[in-house]
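1. Just to be clear, the model below is a prediction. Sequence and coordinates:
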Amino acid sequence: MKRAMPERYIAVESSDKVRRNVFCLNYGRCLDYAILKKWPGFSCDRCGGYEQEKLEGQALDDDHARCVALAFLSGAVELSLEIFV
């Protein structure tokens, strides 16, 4: 199997315009890579490293946190301290 490699992608208004394999074993690493590179988004379209994964428990929570971080960096969402009150 080929090594997973996300492709830089522009931020979009609708999630259906970007193809991501969210249940890929490598998805978390690709999210981390996109955050590290400060990309506005990424696509899995040209990646040949897909491996099926089923997230549960803490792994699902960690993946969610990375998704929120990417959305924040891309400007897709604004975080407010009000959610912590």
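-> Everything's here; your move. Residues are numbered from 1 along each chain as shown.
2. make it CA atoms for all contacts and neighbour counts henceforth
-> OK.
3. which helices and strands sit right next to the biggest helix by length in the chain?
-> Taking DSSP state H as the criterion, the chain has its longest helix at helix 57-74. Here helix 57-74 is seen to pack against helix 27-36 when contacts are counted using 3 or more CA pairs under 8 Å, 6 or more residues apart in numbering; DSSP states H and E.
4. Sort out which residues of the helix it packs on are buried, please.
-> Neighbour counts using 16 or more other CA atoms under 10 Å place 27-32, 34-35 of helix 27-36 among the buried residues.
5. Excluding chain neighbours, what is closest to the residue nearest in space to the middle of the chain?
-> With distances taken as CA atoms, centre = their mean, the residue of the chain nearest its centroid is residue 31 (4.0 Å). Once flanking residues are discounted, residue 31 sits nearest to residue 66: 6.4 Å by CA to CA, 6 or more residues apart in numbering.
6. Touching, that neighbour and residue 30? I think so.
-> No. Residue 66 is beyond contact range of residue 30, at 9.9 Å (criterion: CA atoms under 8 Å).
7. Sweet, I'm off.
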